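Chemist: this is the structure alone, sequence omitted:
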């Protein structure tokens, strides 16, 4: 093994560890705040999910942001998820990301594209609210009671839980 004058060993290709580190930092795409990135679930605990997003430190997401199926989160170690980068580093050195914000941004893009193409969007009526109904089309939407049907419907509660197409 060759040794460089500063005492740092050389690899066969002639690069020192410091040079290799610098080179790896040039090729690594830095995570930017305000963008959506893919993350692989590294570990999940009772409250937090740790993600590898290809950055120097791991990212954390609250477990409450994941869909719960039969009391258990519908995720597993190794799953890939899209997350929105809120902050590159918190007090403990972790990247703060949000799955909910990434989902909402994607949904808004889908809704906008459907509106431009004059297409229908499928949704589920989730609740009765003052003046109409609350509809889940990926985000909460308001359906005025006057636009539910051609004729007034007396019992809007019977529609809760039903799936319809909306424009």
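Modeler: Thanks, I have the structure now. Every value quoted in this text rests on a predicted model; they were computed, and no experiment measured them.
Chemist: beta partners of the closest residue to residue 145 other than its chain neighbours?
Modeler: With sequence-adjacent residues excluded and distances taken as CB to CB, 6 or more residues apart in numbering, residue 145 is closest to residue 132, at 4.2 Å. In short, each C-beta sits where N, CA and C put it, glycine included. For residue 132, the beta-bridge partners are residue 129, residue 144 (DSSP bridges).
Chemist: tell me the contacts of residue 132?
Modeler: Residue 132 makes contact with 142, 143, 144, 145, 146, 147, 148, 156, according to CB atoms under 8 Å, 6 or more residues apart in numbering.
Chemist: check the gap between it and residue 166 for me.
Modeler: 12 Å (CB to CB, to the nearest Å).
Chemist: do the same with residue 139
Modeler: Per CB to CB, residue 139 is found 12 Å from residue 166.
Chemist: go on, residue 138?
Modeler: 11 Å.
Chemist: what's the overlap in contacts for those two?
Modeler: residue 123.
Chemist: need the strands for this protein, in chain order.
Modeler: Ranges of strands in the chain, per DSSP state E, are 36-44, 48-52, 59-62, 68-69, 72-73, 80-87, 95-98, 121-129, 132-136, 140-144, 163-166.
Chemist: the ones you listed into CSV, with extra columns for distance to residue 108 and mean pLDDT?
Modeler: Below are the strands of the chain laid out as CSV (distance: least, CB to CB, whole Å; pLDDT from 0 to 100):
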stretch, distance to residue 108, mean pLDDT
strand 36-44, 12, 83
strand 48-52, 22, 83
strand 59-62, 20, 82
strand 68-69, 23, 62
strand 72-73, 24, 68
strand 80-87, 12, 85
strand 95-98, 14, 83
strand 121-129, 12, 89
strand 132-136, 14, 89
strand 140-144, 11, 89
strand 163-166, 15, 90
